[in-house]
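*Asks:* Predicted model and sequence follow; I will ask about them next.
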Amino acid sequence: MKLKFAALILGCSLAATATAQDVSTISQQEVTRIVSTLSADNMEGRASFTPGIDKAAAFIQSEFKRIGLQPLPGEDDLLQTFGMYRVSPKELEAKLQKTRISPDHIFAITDKKELEWKQKDKQQIIAIGENDDFRKVLPTVMNNQEQDVLVLVHPKHTDMFERYKHYMDRGSVKKQLDSNSSSKVFILTDQLSPKKYKIEIENKVEQLQLTNVAGMIEGKRKDEYVVFSGHYDHIGIQEAVEGDSIANGADDDAAGTTAMMLLADYYKQQPQPERTLLFVAFTAEEMGGFGSKHFSEQLNPDQIVAMFNIEMVGKPSKFGPNSAYLTGFERSNLGPLMQKRLEGTTYSIHPDPYPEQNLFYRSDNATLARLGVPAHTISSVQIDQDKTYHTVKDELSQLNMEHLTNMIRAIALASEGVVNGEDTPTRVDKSQVR
């Protein structure tokens, strides 16, 4: 009996050690290698439609091949490529009364290659006057889908106008163009009620490609999917600050993409999972989540059991060491299931402490949550205090590598129940997701 009891204790001890060793295979050295590669200057900030993001996609693809991931169901390889349209301004001309308007004071929101308006065409005219609230008037403009609108903006709102113009001059991106849709033209001027106007706009319309990088570990239950994801795009080249113009996106979201890749490596080293695991690096999150939207159209959402989206996990959270939070915590019971798996460890997961920031809707999880999937984002960034978000200062030197490594280990432990089929989170109520 004593020998049997001793053997049992030894067996349990070895099992516990094995489990610890499995998680410890997620090494800080490997984390540093991958996140430093993705956030390097030669990736040029990984903006969509640039050589930098193509280089990042090639790197992620090579890592997925090294790990041994298979293409997703219905795909021939690890690159999930799809077409988009980009409409960007080529020529902007406007005249109010007899005054010619500088192109710097014009921008348009349109799907059309050319616009030519005169007062006889009777576009709706909306004036945003000196005492008006720009933000409150804007929804009225955008919600008018039936009629072309000319928006005349008083110079008092120059800062807000220039912010929108800067964004629109980069070009609008859409899955499909609708030549019959309404257009909006914004002009910065003190002439808010001109009797005559003439608007001429010519746009450059391009059909371009975007690419998700996605791989799979097939489970015993082939048609039950668990998604691990992060977006690998960022905002590219920006206005230089102290000689630096590259927005490297180390935390946003090279850190999350690195976590996803290390989890793929970790799970590939384990026995075959009960459920099929999908690992996805999404493109174009910064431009409106086009990568996750395309991904969601390739699968039956009812077969997706859960989505662990990982975003900005390179810095410690407000809850202390080894902690993170889950956006939309109350929308399913995935959070409590993760918490239960982390009991007795040094890791913890918490409800989102920044509900006013609407973080649940600001990453790729929202696309699948709208389809009923228990899709949440794991993050640790103190978003209310972070000074590097969407700046050229989001660099590797700002990351805490020990924390990032521990976050990946924590997600590996917290997701175990869903992966092995013991835990099945409740679905998100689609009617409660806007």
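*Replies:* Looks like it came in fine.
*Asks:* how about Lys318, what does it touch?
*Replies:* Going by Cβ atoms under 8 Å, 6 or more residues apart in numbering, Lys318 touches 353, 382. The way it works is simple: take the backbone N, C-alpha and C, and place the C-beta from them, glycine included.
*Asks:* separation between Met407 and Leu208?
*Replies:* 34 Å (Cβ to Cβ, to the nearest Å).
*Asks:* Between the two, which is the more surrounded one?
*Replies:* Neighbours were counted for Met407 and for Leu208 using other Cβ atoms under 10 Å; Met407 has more, 31 against 12.
*Asks:* In terms of helices and strands, where is that one?
*Replies:* Using DSSP states H and E, Met407 maps to helix 401-414.
*Asks:* can you map out the helices along the stretch 151-300 of the chain?
*Replies:* Assigned by DSSP state H, counting those that start in this stretch, the stretch 151-300 of the chain shows helices spanning 158-169, 256-268, 290-296.
*Asks:* how much does the second one deviate in direction from helix 401-414?
*Replies:* Going by axes from the mean of the first three to the mean of the last three Cα atoms, to 10 degrees, helix 256-268 is angled at 50 degrees with respect to helix 401-414.
*Asks:* Break this protein into its domains for me.
*Replies:* 25-70+218-432, 87-206 (automatic domain parsing).
*Asks:* Any idea which of those domains gets closest to Thr81?
*Replies:* Judged by Cβ to Cβ, the one of the domains of the chain that comes nearest to Thr81 is domain 25-70+218-432, at 9.2 Å.
*Asks:* Redo the domains of the chain as JSON lines? Include mean pLDDT and distance to Asn212.
*Replies:* As requested, those are arranged in JSON lines below (pLDDT from 0 to 100; distance: least, Cβ to Cβ, whole Å):
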{"stretch": "domain 25-70+218-432", "mean pLDDT": "97", "distance to Asn212": "5"}
{"stretch": "domain 87-206", "mean pLDDT": "94", "distance to Asn212": "14"}
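*Asks:* most packed of the ones you listed?
*Replies:* The highest mean neighbour count among the domains of the chain, using mean count of other Cβ atoms under 10 Å, belongs to domain 25-70+218-432: a mean of 20.
*Asks:* end to end, how far does that one reach?
*Replies:* This stretch, domain 25-70+218-432, spans 40 Å end to end (Cα to Cα, to the nearest Å).
*Asks:* what does stretch 283-294 give?
*Replies:* Using Cα to Cα, the span of stretch 283-294 from its first residue to its last is 10 Å.
*Asks:* List the contacts of Val213.
*Replies:* So Val213 contacts 57, 60-61, 64, 78-80, 232, 280-281 (Cβ under 8 Å, 6+ apart).
*Asks:* Inside strands: which ones of the residues you listed?
*Replies:* Among the contacts of Val213, the residues falling in strands (DSSP state E) are 79-80, 280-281.
*Asks:* Max pairwise distance over these: which two?
*Replies:* Greatest spacing in the ones in strands among the contacts of Val213, by Cβ to Cβ: Leu79 and Val280 (11.5 Å).
*Asks:* Mind listing the shared neighbours of the two?
*Replies:* By Cβ under 8 Å, 6+ apart, the residues touching both Leu79 and Val280 are 212-213.
*Asks:* Send me stretch 222-233 as CSV with only the CA atoms.
*Replies:* What follows is stretch 222-233 as a C-alpha-only set of coordinates in CSV (Å, rounded to 0.1, in the frame of the first residue of the first chain):
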residue,chain,number,x,y,z
LYS,A,222,-13.7,18.7,-36.9
ASP,A,223,-16.7,21.1,-37.2
GLU,A,224,-16.4,22.8,-33.8
TYR,A,225,-14.0,25.8,-34.0
VAL,A,226,-12.1,27.8,-31.5
VAL,A,227,-10.6,31.0,-32.8
PHE,A,228,-7.4,32.7,-31.6
SER,A,229,-6.7,36.0,-33.3
GLY,A,230,-4.9,39.3,-33.4
HIS,A,231,-4.7,42.0,-36.1
TYR,A,232,-1.3,42.4,-37.7
ASP,A,233,-1.9,45.8,-39.5
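*Asks:* of the ones in strands among the contacts of Val213, closest to Glu30?
*Replies:* Looking across these and measuring by Cβ to Cβ, the closest to Glu30 is Ala281, at 16.7 Å.
*Asks:* how about the strands in the stretch 1-150 of the chain?
*Replies:* With DSSP state E, counting those that start in this stretch as the criterion, the stretch 1-150 of the chain has strands at 79-96, 99-101, 106-109, 114-118, 124-128, 149-153.
*Asks:* Can you lay out those strands as CSV showing distance to Leu262?
*Replies:* Formatted as CSV, these follow (distance: least, Cβ to Cβ, whole Å):
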stretch, distance to Leu262
strand 79-96, 20
strand 99-101, 53
strand 106-109, 41
strand 114-118, 49
strand 124-128, 49
strand 149-153, 48
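*Asks:* Give me the helices and strands touching the helix or strand just after the helix holding Met407, please.
*Replies:* Note on helix 401-414: by DSSP H and E, the next helix or strand toward the C-terminus is helix 416-419. Applying 3 or more Cβ pairs under 8 Å, 6 or more residues apart in numbering; DSSP states H and E, one finds that helix 416-419 contacts strand 275-282, helix 334-342.
*Asks:* quick one, the first one and helix 256-268 angle?
*Replies:* Just to be clear, that refers to strand 275-282. Here strand 275-282 runs at an angle of 160 degrees relative to helix 256-268 (the same axes, to 10 degrees).
*Asks:* For strand 275-282, C-alpha coordinates in PDB please.
*Replies:* Provided in PDB are the C-alpha atoms of strand 275-282 (Å, rounded to 0.1, in the frame of the first residue of the first chain):
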ATOM      1  CA  ARG A 275     -12.000  21.000 -31.000                       C
ATOM      2  CA  THR A 276     -10.500  22.400 -34.200                       C
ATOM      3  CA  LEU A 277      -8.300  25.400 -33.500                       C
ATOM      4  CA  LEU A 278      -8.100  28.300 -35.900                       C
ATOM      5  CA  PHE A 279      -5.300  30.900 -35.700                       C
ATOM      6  CA  VAL A 280      -5.800  34.100 -37.600                       C
ATOM      7  CA  ALA A 281      -3.800  37.300 -38.200                       C
ATOM      8  CA  PHE A 282      -6.400  39.800 -39.300                       C
END
